[in-house]
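Chemist: Sequence and predicted structure, then a few things I'm wondering about:
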Amino acid sequence: MDLKSNHSAPVLTDSAPVSKSRLSVYRGLISYSPPGVVFPQDRFISIPWRKPGVLDDFRTNGWLDAMRSSSPTHKKFTKDINHELSSPDPEVAYRTWLLKYPSALASFEQIANFAKGKKIALFLDYDGTLSPIVENPENAFMSDDMRSAVKNVAKYFPTAIISGRSRDKVHEFVGLTELYYAGSHGMDIMGPVRQSVPDYHRNCIQSTDKQDNEVNLFQPAREFLPMINEVFSSLVSITKDIKGATVENNKFCVSVHYRNVDQDNWKSVWECVQDVIKTYPRLRLTHGRKVLEIRPMIDWDKGKALEFLLESLGLSNCDDVLPIYVGDDRTDEDAFKVLRERNCGYGIFVSKSPKESNAYFSLRDPAEVMEFLKSLVTWKESSAFTL
């Protein structure tokens, strides 16, 4: 089936928050459907029509600004904090930011006290969280010490990696079988087998992992694979003359990295991506840290993946479970938001600079993430409580 459309206007995710009145996509997990299918009207939000072929300068400039910042949406702090953040001393700005997002290490006793009598479930991003951000994404290796820390924490707490990378790639980087893996921003999840699966998780199939253990494989965007492969091939071809640009196939999404592209050429990268996706209205464009990402337009993200894994692990009861999610990118904000709205867990944002976030706590870099993981293990081993 040819998934391309005659409509030339792509649907883009703005760098600013999008309200329900501005964007409208069917909220089910059906990626696309045959002609004639009718969905309930209350499951849609409206997408404003744009004249085909017209590139909105305002939107283009907004995306270029977002590419420059490559960070979560900046919201206004209080007047006093704004004053401090304008300080030329970055350390002063960072210390002020810590008032709103305290260090998870400095606040560990508070976290541990809240965890008493609860089961901790740990969710980790990969790039920038377990491994440093590097110029070549293919070289984003985690250290042996970090791998050991993750292995040890997984002995005591259910642990999952939720990454924008393909599931196979992040599994290859981490190299641990004790974990659960969710790749492509949660669109490719290998989790535990459950006796019953909710109807809206009908994209779950039983499979086996590399150790022949039975697992559930959940891929809500499976039907998009031919389209994603087409887009990947087109982007590789169209960006080949832009020095430093690299295109990565993450199975259910395509990542265009511009970290090594001269800033004067970022607009060219954006225009190349725009030229390719304009004939794919079922795909949406988002961005992370120096990367543009093309994804299927389904109501699924890292926040949904977090909820799915909690449910699959039998840990969706907020009364006796404490989910902790650690991540560094704007795509992790969906998971932070879920925990904040459910009021049942902690998001920990990894950042060296002040940025607005839905997280509760912060860590400065992967080195501090490793110390936090070690602290969890030490606390568990010395704790008299059953978590």
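Modeler: Okay, I see it.
Chemist: So Ser362 lies in a helix, does it not?
Modeler: No - counting by DSSP: H, G, I helix; E, B strand; the rest coil, Ser362 falls outside a helix, being strand.
Chemist: What number of residues are in the vicinity of it?
Modeler: Using other Cβ atoms under 10 Å, Ser362 has 28 neighbouring residues. The C-beta positions use only the backbone N, C-alpha and C, and glycine is treated the same way.
Chemist: now do the one 4 residues further on
Modeler: Each residue near Pro366 was counted by other Cβ under 10 Å, and the total is 21.
Chemist: surely it meets Ile133?
Modeler: No - with contact defined as Cβ atoms under 8 Å, Pro366 does not reach Ile133; the gap is 9.2 Å.
Chemist: give me phi/psi at Thr239?
Modeler: phi -100, psi 0 (degrees, to the nearest 10).
Chemist: Pro281 versus that one, what's the distance?
Modeler: Thr239 sits 21 Å away from Pro281, going by Cβ to Cβ, to the nearest Å.
Chemist: These two - which one has more neighbours?
Modeler: Neighbour tally, Thr239 and Pro281, criterion other Cβ under 10 Å: the higher count belongs to Thr239, 22 against 18.
Chemist: Contact partners for that one?
Modeler: Ala245, Val247, Val256, Val269, Cys272 (Cβ atoms under 8 Å, 6 or more residues apart in numbering).
Chemist: between those, which is nearest Pro323?
Modeler: When these are compared for distance to Pro323 (Cβ to Cβ), Val256 wins out at 31.3 Å.
Chemist: picking that back up, can you list which of the contacts of Thr239 are found in strands?
Modeler: Of these, the ones assigned to strands by DSSP state E are Val247, Val256.
Chemist: can I assume Ile348 sits in a helix?
Modeler: No - counting by three-state DSSP, Ile348 is not found in a helix; it is strand.
Chemist: Go ahead and confirm it touches Ile324.
Modeler: Yes - using Cβ under 8 Å, Ile348 is in contact with Ile324, at 6.6 Å.
Chemist: More neighbours: which of these two?
Modeler: Legend: neighbour count by other Cβ under 10 Å for Ile348 and Ile324, higher for Ile348 (29 against 23).
Chemist: what ranges do the strands span in the stretch 151-300 of the chain?
Modeler: 159-162, 180-183, 188-191, 204-208, 214-218, 246-249, 254-257, 283-288, 291-296 (DSSP state E, counting those that start in this stretch).
Chemist: Out of those strands, the one nearest Ala335 is which?
Modeler: Smallest distance to Ala335 across those (Cβ to Cβ): 6.9 Å, for strand 159-162.
Chemist: name the helices or strands packed onto the closest one?
Modeler: Under the contact definition 3 or more Cβ pairs under 8 Å, 6 or more residues apart in numbering; DSSP states H and E, strand 159-162 sits against strand 119-124, strand 180-183, helix 302-312.
Chemist: Tell me the one among the contacts of Thr239 nearest to Val193.
Modeler: Val247 (35.0 Å).
Chemist: Bridge partners for the closest one, pull those for me.
Modeler: Assessed by DSSP bridges, Val247 has beta-bridge partners Val256.
Chemist: What is the burial count for it?
Modeler: The burial count for Val247: 22, using other Cβ under 10 Å.
Chemist: wait, doesn't it sit right on Leu235?
Modeler: Yes - proximity of Val247 to Leu235 meets the contact threshold set by Cβ under 8 Å, at 4.6 Å.
Chemist: quick one: common contacting residues for these two?
Modeler: Contacts common to Val247 and Leu235, judged by Cβ under 8 Å, 6+ apart, are Val254, Val256.
Chemist: mind listing the helices for the stretch 151-300 of the chain?
Modeler: 167-174, 225-238, 266-277 (DSSP state H, counting those that start in this stretch).
Chemist: now those helices as CSV including mean neighbour count, mean pLDDT and distance to Gln219?
Modeler: CSV is the format used below for these (neighbours: other Cβ atoms under 10 Å; pLDDT from 0 to 100; distance: least, Cβ to Cβ, whole Å):
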stretch, mean neighbour count, mean pLDDT, distance to Gln219
helix 167-174, 20, 95, 9
helix 225-238, 18, 97, 9
helix 266-277, 19, 94, 21
